[in-house]
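Engineer: need a 3D model of the following:
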Amino acid sequence: MKHPLFVRTALTLSVAGLFSSSAFSAGFQVNEHSANGLGRAMAGQAAKPENASVLATNPAAITAFDKAQFSAQVSYLDPEVDIRGDMTTSVGGATITSDASAEDIAESAVIPSIFYAAPVNDKFSWGIGLFTSYGLSTDYSDDYNALHYADEAEIISFTVNPAFAWKATDTLSLGLGLNVTYADAKISTSIPQVFGQVMGNPALGNLTIVEMAGDDIGYGWNAGVFWQPADGTNVALSYRAETQLELAGEIKSDLGVLIPEVAELYNQGGSLDLNFAAVTELAIDQEIDEQWSVQASVNYTDWSTFDKLEANLDSGYDLLLKEEDFEDTWRWSAGVTYQYDEKLTLRAGYAYDEGAVSFAHRSLSIPDTDRHWVSAGATWALTDDTSVDMAYVYIKGREAAVSQQRAIGSIVSDLTATEHAKAQILSVQINTAF
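Structural biologist: Model prediction:
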């Protein structure tokens, strides 16, 4: 076995496993900011200031409130991502075919958010949001036969977003916010048990190839326009800029028991650059009559800035891990809101969400694909100033083909698989004005 090739390939596979998305939006994006928004599949969210959660999508819209507003939301994401496929492993003149199927690789998540917005005077408003826009969690079982492609991965991020808004005219408002984002990541890959058998030493199975853990704080900004050109018509344009992060931490490997130089070379500090993509939204909210209104949004995410993964080791060695070449994505959504009576509001929505990964770059670590969203929701007014929102979302991903090849020394494996993904979201939110 060629040790340098083994080590370099092992590290490449481990860090590429960072982006095993279970967020069920393009790339590893998270949209669970608002229960009332989820009830419409987030259609028109930037243009419909129903409560303080609108701050996450458009800071300019908080000028619509004449009282202080508070919203607290929690969403439960229950994903189901299955991989079905086979892996052919060749070493010397022998060929072994192994099952590369896995069930429920994406873990459930609880996603909270809190918002506050208040007028300062007739012209100015301010607010603050605490929420997440990016995250993931996946875990393949210890006996999975392709752990060198992807194993365990988790990204947790949290954004604090103070914002200010100015009512420039009776119909036009402008908003600006600062984003302070904390992100923490832990990733690992392992030698599959089948490789231990191929190498004649079953004890090698599940040895950690590389584990990397790191965190960072990044800064960005967001801005918005909220325009009311006529009674019953709201139009919004919002932009959340890219946040650049350098996840710094430690790289560890068990391979020193096989290759002594690995113990020193890859058990050291390191970092990985990770950018959270910029997002633009154009939204409209149009009243039809006193009870009915319709909403729509077009979202554009600048994923093409995420073109590669590169690990930077404290020793000074920069290792190009994988060319990602993400593609920019569009998300189209439409929704309807029905004011049943003074206490009950009903909602429904549909969205089509493009995946950021092309077939050429799709992998077990990033099994991203296009998704359909169907949602329903309701608001119940407890008092004149307090209400509860509830939403249910069903997400169905298109079947995605995955074809990859990896070489670890003289061991070459070819993977052919398909990804099957769906998810359910349950969300509840309480709002109050004071």
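Engineer: strands of the stretch 1-150 of the chain, residue ranges please.
Structural biologist: In the stretch 1-150 of the chain, the segments counted as strands under DSSP state E, counting those that start in this stretch are 69-91, 94-99, 109-119, 124-131, 136-139.
Engineer: of all those strands, which one comes closest to G200?
Structural biologist: Closest approach to G200 among the strands of the stretch 1-150 of the chain is made by strand 69-91 (10.0 Å; C-beta to C-beta). In short, each C-beta sits where N, CA and C put it, glycine included.
Engineer: buried set for the closest one?
Structural biologist: The neighbour-count check on strand 69-91 (16 or more other C-beta atoms under 10 Å) flags 69-75, 77, 79-83, 85, 87, 89, 91 as buried.
Engineer: state the distance from L274 to L178.
Structural biologist: 20 Å (C-beta to C-beta, to the nearest Å).
Engineer: so between those two, which is more surrounded?
Structural biologist: Neighbours were counted for L274 and for L178 using other C-beta atoms under 10 Å; L274 has more, 23 against 15.
Engineer: which residues touch that one?
Structural biologist: Neighbouring residues of L274 by C-beta atoms under 8 Å, 6 or more residues apart in numbering: 18, 183, 185, 245-247.
Engineer: just the helices from the stretch 251-400 of the chain, written as ranges.
Structural biologist: Applying DSSP state H, counting those that start in this stretch to the stretch 251-400 of the chain gives helices spanning 260-265.
Engineer: quick one: the strands in it?
Structural biologist: So, for the stretch 251-400 of the chain - with DSSP E, counting those that start in this stretch - the strands run 268-276, 279-287, 292-301, 308-313, 318-323, 329-339, 344-353, 371-381, 386-397, 400-408.
Engineer: and stretch 244-261, which residues are buried?
Structural biologist: Judged by neighbour count (16+ other C-beta under 10 Å), stretch 244-261 contains these buried residues: 245-247, 249, 251-255, 258-259.
Engineer: of all those, which two lie farthest apart?
Structural biologist: Spanning the widest gap among these are L245 and L258, at 33.0 Å by C-beta to C-beta.
Engineer: now the buried residues of stretch 244-261 as JSON lines including pLDDT?
Structural biologist: Below are those laid out as JSON lines (pLDDT from 0 to 100):
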{"residue": "L245", "pLDDT": "89"}
{"residue": "E246", "pLDDT": "89"}
{"residue": "L247", "pLDDT": "87"}
{"residue": "G249", "pLDDT": "87"}
{"residue": "I251", "pLDDT": "80"}
{"residue": "K252", "pLDDT": "81"}
{"residue": "S253", "pLDDT": "81"}
{"residue": "D254", "pLDDT": "83"}
{"residue": "L255", "pLDDT": "76"}
{"residue": "L258", "pLDDT": "72"}
{"residue": "I259", "pLDDT": "71"}
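Engineer: closest one of these to T301?
Structural biologist: For those, the nearest to T301 is L245 (16.7 Å; C-beta to C-beta).
Engineer: surely that closest one touches N275?
Structural biologist: Yes: L245 sits in contact with N275 when judged by C-beta atoms under 8 Å, with a separation of 7.0 Å.
Engineer: coming back round to it: which one of the strands of the stretch 1-150 of the chain lies closest to T63?
Structural biologist: Short answer: strand 124-131, nearest of the strands of the stretch 1-150 of the chain by C-beta to C-beta, at 4.9 Å.
Engineer: neighbouring strands - and their directions - for that closest one?
Structural biologist: Its sheet considered, strand 124-131 pairs with strand 109-119 (antiparallel), strand 152-167 (antiparallel) by DSSP bridges.
Engineer: quick one: buried residues of that strand?
Structural biologist: By 16+ other C-beta under 10 Å, the buried positions in strand 124-131 come out as 125-129, 131.
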